[in-house]
Structure formats: structure tokens, C-alpha cells
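Colleague: need a structure here:
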Amino acid sequence: MTGQYDPATKSITFTGQEDDIAKPGEKINVRQVVRTVSPDSQIMEWYETRNGKEAKTMEVVYSRAK
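Modeller: Predicted coordinates for the structure are as follows:
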């Protein structure tokens, strides 16, 4: 995957392809967005494109331990 940082949104957007576990031998387009919410919190969102439609398939919220 490759990506770029957007200072306005404090996020990095990565795009690429991965193996489609539902259809062996095929690839799907994926997009990952990692956004800094605060010095102690980040959110990672994962999107997959299937049949021409992109859908969010995962979201992980990271928080620094106090």
C-alpha cells in the first residue's frame, strides 16, 4: 500500500490491493485511513471495494494508556 499525509485532517490515507479471501486468486481494492484525534488517540478505518462499491469493514480506536 502507498499513502499520503494530509495535515489539514491529520490523517494518512493508504490505498492498495490485497488477496480476496472469498475468491482465491483474485484481488480487491482496499483503503486505510489513520487519523490522529489527539496526542493520546488515533482511529484506523479500513475499507474494501467489492462489486464496485466501497464499504467500511473495520474501525479500530487506539488510546494511550494513562
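
Colleague: rest of the way, CA atoms for contacts and neighbours
Modeller: Fine.

Colleague: Can you give me every residue that contacts residue 50?
Modeller: Shown in contact with residue 50 (C-alpha atoms under 8 Å, 6 or more residues apart in numbering): 28-29.

Colleague: cool, residue 60 as well?
Modeller: Shown in contact with residue 60 (C-alpha under 8 Å, 6+ apart): 43-45.

Colleague: and it, what are its bridge partners?
Modeller: residue 44 (DSSP bridges).

Colleague: how many other residues sit next to residue 30?
Modeller: Residues lying near residue 30 (other C-alpha atoms under 10 Å) number 19.

Colleague: One more: the one 4 residues further on?
Modeller: Residues lying near residue 34 (other C-alpha under 10 Å) number 19.

Colleague: ok, of the contacts of residue 60, which one's closest to residue 8?
Modeller: residue 43 (15.7 Å; C-alpha to C-alpha).

Colleague: Relative to residue 32, how far out is the closest one?
Modeller: Distance of residue 43 to residue 32, computed by C-alpha to C-alpha, to the nearest Å: 10 Å.

Colleague: Mind checking which of the two has more residues around it?
Modeller: Neighbour count, other C-alpha under 10 Å: between residue 43 and residue 32, residue 32 has more, with 21 against 16.
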